[in-house]
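[1] following is a predicted model, sequence given first.
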Amino acid sequence: MAYRATKSGLAAEAQGKIKGKYDQGEAQRALTFISQKIGESFNTAGDMDNFQSQLKDGVKLCKLVNAIKPGSVSAKKYEKSPTLPFKQMELIGLAIDQMKALGVPDHEMFATVDLHEAQNLHQCVIGISALARKIGAYGPKEAEANKRDFTEEQLKAGQNIIGLQMGTNKGANQSGMNIGNTRHIVD
């Protein structure tokens with residue numbers, strides 16, 4: 001159990017917003033993905049308490065990255081579930097490093113404290129879902145690069161074209177504007 005002071009003021013408001021983003025359905029989907037991938041059955045309910053308690057020691061996360069890429073984390077590190085918080089956090093950190101190595105971008109990844117001390121479980125769900133998407137388990141298909149190569153001639157030809165975002169010389173304009181003059185209204 002994490003021993004942190006109760007948040008108050010703006011910190012409590014920010015923490016409330018973070019907790020408000022948590023989606024039980026997505027969390028359940030992430031836990032089900034882990035259960036299927038590592039071949040173990042456990043409680044996959046999506047509530048915050050269960051999500052954190054299932055993953056807090058880091059063992060299931062290490063098993064997950066080893067199931068995806070064997071040998072990512074030494075099995076000796078997690079053969080016996082650690083009880084000391086710093087050992088649990090070490091396992092979570094090892095799993096996070098391997099998830100990043102498997103292609104999960106930093107902006108979708110979570111920090112160790114997000115999971116171990118339940119600071120941002122929503123971000124943990126995002127990170128696990130991103131890993132599932134990377135390996136094609138569920139979620140939208142990853143986009144592929146569509147690199148384009150233009151010749152110098154094509155690039156120079158494009159410099160003579162005025163893009164629509166830069167405006168146009170057709171349609172309404174400011175001709176006839178008299179700045180500083182009075183309006184001439186005729187009945």
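    Received the coordinates, thanks.

[2] for stretch 132-150, give the mean pLDDT please.
    Per-residue pLDDT over stretch 132-150 has a mean of 87.

[3] stretch 36-48 now?
    On average, the pLDDT along stretch 36-48 is 95.

[4] so where's the chain uncertain?
    For the chain, applying pLDDT under 70 flags the ranges 1-3, 164-176, 183-184, 187.

[5] middle-most residue in it, spatially?
    Against the mean C-alpha coordinate of the chain, by C-alpha atoms, centre = their mean, the closest residue is residue 108 at 2.1 Å.

[6] phi, psi of that residue?
    Main-chain dihedrals, residue 108, degrees, to the nearest 10: phi -100, psi 0.

[7] isn't it right next to residue 124, touching?
    No: applying C-beta atoms under 8 Å as the test, residue 108 and residue 124 come out as separate, 10.7 Å apart. To be clear about C-beta, it is placed using only N, CA and C from the backbone, and glycine gets the same treatment.

[8] residue 4: what secondary structure?
    Counting by DSSP: H, G, I helix; E, B strand; the rest coil, the backbone at residue 4 sits in coil.

[9] ugh, wrong one, residue 129
    helix.

[10] separation between it and residue 157?
    Per C-beta to C-beta, to the nearest Å, residue 129 is found 44 Å from residue 157.

[11] now do residue 148
    For residue 148, the distance to residue 157 - C-beta to C-beta - is 15 Å.

[12] count the residues that sit near residue 147.
    5 (other C-beta atoms under 10 Å).

[13] quick one on the thing from earlier: the spatially closest residue to the residue nearest to the centre of the chain that is not a sequence neighbour: neighbouring residues, count only.
    Nearest non-adjacent residue to residue 108, counting by C-beta to C-beta, 6 or more residues apart in numbering: residue 130, 4.0 Å away. By other C-beta under 10 Å, 20 other residues sit near residue 130.

[14] likewise for residue 36?
    Around residue 36 there are 13 other residues, counting by other C-beta under 10 Å.

[15] likewise residue 109?
    Neighbours of residue 109 (other C-beta under 10 Å): 19.

[16] nearest spatial neighbour of it, chain-adjacent residues omitted?
    Excluding the flanking residues, the one nearest residue 109 by C-beta to C-beta, 6+ apart is residue 127, at 4.9 Å.

[17] so how many other residues sit close to the one you found?
    Using other C-beta under 10 Å, residue 127 has 24 other residues around it.

[18] next: the one 4 residues further on.
    By the measure other C-beta under 10 Å, the count of residues near residue 131 is 28.

[19] and if you look at residue 14?
    Number of residues near residue 14 (other C-beta under 10 Å) recorded here: 11.

[20] alright, calling it a day.
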